[in-house]
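> next input, structure requested:
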Amino acid sequence: MINYIKELFKRKELIKYLVIFDISEEHRGKIFGFAWSLLDPLIMMFVYILFVGVIFKRGTPKYPILLLSALLSWQWITNSLSTAVTSVTANAKLIQTFKFPIAVFPFTRAISGFIDYIFGLVILIPLLIAYEANLNLNILWFPFLILIQLTLTVGLCFLVAYLGVYFRDIRNILQYLLRICFFLSPVLYAINDRIPVCYQPLYMLNPFAALFESYKNILVRGKFPSGYLAYTLLFSISIFIIGLYIFVKHEEKFAKDI
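A predicted model of the protein is given here:
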């Protein structure tokens with residue numbers, strides 16, 4: 001697998017082209033174009049603030065930035081997986097014509113999701129300042145969190161791309177699984193406010209839980225990342241290795257099976 005990863009990164013120009021193509025294709029024909037990368041998380045934030053903060057009268061004064069700091073991360077994951085699941089089957093003719101590492105397709109979906117995440121930071125950073133987030137040296141954990149999420153997202157993209165070849169229903173199933181994970185993750189709420197202490201260790205088996213809480217901690221609360229982040233790190237590395245192994249093992253059969 002090490003040699004495969006090296007071969008994958010030798011295709012830097014192909015990866016760059018596919019990322020640019022994915023992003024431009026996503027926004028083609030839209031009136032606001034690339035502005036949707038900024039508008040989408042902002043609109044979602046206002047919708048949840050309306051329901052949680054206004055209608056249900058819940059949330060703290062810093063709730064908007066706590067929400068957005070986790071929501072951006074979640075959208076990176078969902079956008080990447082939603083497109084990665086068909087990334088192999090959608091490029092069947094290209095795969096059957098040329099020989100190259102097919103993993104570039106799910107990999108570039110994760111990178112495209114990351115680019116959208118960067119656009120979202122253009123909104124988040126001014127809001128952190130406006131809402132007087134407690135920014136301190138803990139912000140230095142941010143690149144580490146990004147690396148963990150990238151590892152996890154790429155691994156999951158490999159898995160769903162493989163499943164998308166042999167189980168076409170996975171695209172529909174994935175939508176419901178992501179919705180369940182969303183409500184089981186601390187995006188709309190804080191763990192300590194909603195999850196009883198006795199159930200928190202079980203709740204943190206969800207790898208997204210520690211990741212989202214860590215983003216909130218370092219970006220808004222000025223605290224260390226979640227103590228369960230080590231588990232998320234190990235889980236992310238495991239998913240990456242498993243996802244890449246399964247994908248590489250079946251790659252030679254993709255051209256015939258799609």
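> and the closest residue to Tyr117 other than its chain neighbours, what element?
Excluding the flanking residues, the one nearest Tyr117 by CB to CB, 6 or more residues apart in numbering is Trp76, at 4.2 Å. Quick note: C-beta positions are derived from backbone N, CA and C, even for glycine. Secondary structure from DSSP states H and E places Trp76 in helix 63-84.
> after that helix, which helix or strand is next?
Going down the chain from helix 63-84, the next helix or strand is helix 92-97, by DSSP H and E.
> now tell me what touches that next one from outside.
In this structure, residues lying in contact with helix 92-97 by CB atoms under 8 Å, 6 or more residues apart in numbering are Val88, Ile102, Phe254, Ala255, Ile258.
> which among the residues you listed gets closest to Leu128?
Minimum distance to Leu128 across the contacts of helix 92-97 is 38.3 Å, recorded for Val88 (CB to CB).
> now do the closest one against Thr232, distance only.
27 Å (CB to CB, to the nearest Å).
> and what of Tyr245?
Distance, Tyr245 to Thr232, using CB to CB: 20 Å.
> between these two, which one's more packed in?
Counted by other CB atoms under 10 Å, Tyr245 and Thr232 do not tie: Thr232 has more neighbours, with 26 against 14.
> report the contact partners of that one.
Ile148, Leu152, Pro207, Phe208, Ala210, Leu211.
> can you rerun that using 6 Å?
By CB atoms under 6 Å, 6 or more residues apart in numbering, the contact set of Thr232 is Pro207, Ala210, Leu211.
> dihedrals phi and psi, Ser185?
Backbone geometry at Ser185, expressed as degrees, to the nearest 10, gives phi -120, psi 150.
> doesn't Phe208 make contact with it?
Yes. Between Ser185 and Phe208 there is a contact at 4.3 Å, judged by CB atoms under 6 Å.
> angle of the helix or strand that Tyr176 is a member of against helix 63-84?
Element membership for Tyr176, per DSSP H and E: helix 170-183. Helix 170-183 runs at 160 degrees relative to helix 63-84, counting by axes from the mean of the first three to the mean of the last three CA atoms, to 10 degrees.
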